[in-house]
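Asks: Make a model of this:
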Amino acid sequence: MEKIKSFLRSYPWVAHLLVMIAVSLVALFFIFLFIKIYARQGEEYEMPVVEGKTIAEAEAANDLDLEFVVLDSIYQKGVPGGIIITQDPKGGIMVKSGRKVYVSVTSYSAEDVPMPELTGLSVRQAVSEIYNNGLTVGRLTFVDDPFKNNVKEQSCKGRTAYAGQKIARGSVIDLVVGRGEGESTNKVPFVIGKTADKARRDIVTASLNVGPEHFNGVKNKEKAVVYRQEPDYTGVSQYPFGTQVELWYIDANADEVSKMVSDFKVDSSKIIDPNGEEDGFPSPDELDGIEAW
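Replies: As a prediction, the model looks like this:
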């Protein structure tokens with residue numbers, strides 16, 4: 001021990017160096033300890049599911065000091081405003097306390113979109129235009145007119161809707177259509193296994209009307225599919241323009257839908273697509289892939 005003290009007295013710079021090293025090690029220890037506490041390393045918690053809740057509800061049940069950041073506001077017909085519809089990170093993922101959660105919520109009112117010009121178009125063309133502009137087809141009313149399936153008038157909530165007029169996205173557009181000369185009939189489209197949105201489009205595209213819809217016991221109307229239609233699809237029977245097609249819905253997964261279609265009495269490979277007509281206009285299903293409805 002005396003030798004060490006004698007050495008350090010002889011070489012004081014070594015003592016200073018050792019002191020500096022010791023101070024540095026202590027400082028680094030406290031720095032890493034602070035970082036560990038501040039970052040809460042190793043302390044991760046399961047991200048709660050906040051979809052379907054309002055921001056206020058999510059914050060009230062927030063035990064992780066999460067910060068909710070609204071990225072987008074989307075209008076959904078029939079859904080109250082302020083409901084969280086998407087979240088990032090998703091529920092169930094392990095996250096640290098205090099992190100930001102990015103959400104999209106439903107808006108309280110629909111944005112306005114321009115009304116397209118539909119007069120002079122065929123029903124099929126008009127249906128494509130309506131959905132392509134974020135609107136919805138309502139009822140078809142047929143009147144005497146030499147031009148078959150020609151749109152004569154367009155209205156919203158009982159009033160004429162003029163081309164270029166601003167109306168709320170999702171608004172229902174009713175059409176007055178020419179019946180044409182002679183017999184005006186069409187086959188009922190096959191809509192078994194289709195969602196309400198696609199079934200309605202196919203029915204109206206065929207110059208028919210959507211009748212009563214039954215959602216008894218259905219949990220999610222947007223994803224429910226048709227399991228029964230009246231009149232049934234036969235591929236042969238013709239019905240007058242404007243005939244109502246009644247629909248019944250159930251909740252079903254992809255496999256159940258496939259079986260439902262394959263079990264139908266008519267050979268599904270020979271089912272006529274009401275939107276398959278080659279007129280240069282995409283069908284509503286085709287539009288799904290290129291434009292948000």
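Asks: So for the chain, which residue is the most central one in space?
Replies: For the chain, Gln76 is the residue whose C-alpha lies nearest the centre (CA atoms, centre = their mean; 8.5 Å).
Asks: Run through the residues that contact that one.
Replies: Residues touching Gln76, when contacts are defined by CB atoms under 8 Å, 6 or more residues apart in numbering, comprise Ile85, Thr106. Just so you know, the C-beta spots here come from the backbone N, C-alpha and C atoms, and that holds for glycine as well.
Asks: Please name the residues that touch the nearest residue in space to Ile83 that is not next to it in sequence.
Replies: Computed as CB to CB, 6 or more residues apart in numbering, the closest residue to Ile83 that is not its neighbour in sequence is Thr106, at 4.6 Å. With contact taken as CB under 8 Å, 6+ apart, Thr106 is in contact with Ser73, Ile74, Tyr75, Gln76, Val79, Pro80, Gly81, Gly82, Ile83, Ile85.
Asks: Where does pLDDT dip in this structure?
Replies: For the chain, the stretches flagged by pLDDT under 70 are 1-18, 33-42, 265-293.
Asks: Helix or strand: which one has the residue nearest to the centre of the chain?
Replies: Element membership of Gln76, judged by DSSP states H and E, is empty: it is in no helix or strand.
Asks: contacts for stretch 45-65?
Replies: Residues lying outside stretch 45-65 but in contact with it, judged by CB under 8 Å, 6+ apart, are 66, 68, 70, 82-87, 89-99, 101, 103, 105.
Asks: on that earlier part again, separation between the residue nearest to Ile83 and Asn186?
Replies: In this view, Thr106 and Asn186 are 37 Å apart by CB to CB, to the nearest Å.
Asks: swap in Ile85?
Replies: Per CB to CB, Ile85 is found 37 Å from Asn186.
Asks: neighbour-wise, which of the two wins?
Replies: Per other CB atoms under 10 Å, whichever of Ile85 and Asn186 has more neighbours is Asn186, with 18 against 15.
Asks: picking that back up, which of the contacts of Thr106 count as buried?
Replies: Members of the contacts of Thr106 that pass the buried threshold by neighbour count (16 or more other CB atoms under 10 Å) are listed as Ile74, Tyr75, Gly82, Ile83.
Asks: How about the second one, nearest residue that isn't a chain neighbour?
Replies: Nearest residue to Tyr75, sequence neighbours excluded (CB to CB, 6+ apart): Ala110, at 4.2 Å.
Asks: residue contacts, that neighbour?
Replies: Ala110 makes contact with Tyr75, Lys77, Ala168, Arg169, Gly170, Ser171, according to CB under 8 Å, 6+ apart.
Asks: want to throw the residues you listed into CSV with distance to Cys156?
Replies: Formatted as CSV, the contacts of Ala110 follow (distance: CB to CB, whole Å):
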residue, distance to Cys156
Tyr75, 16
Lys77, 14
Ala168, 9
Arg169, 12
Gly170, 11
Ser171, 5
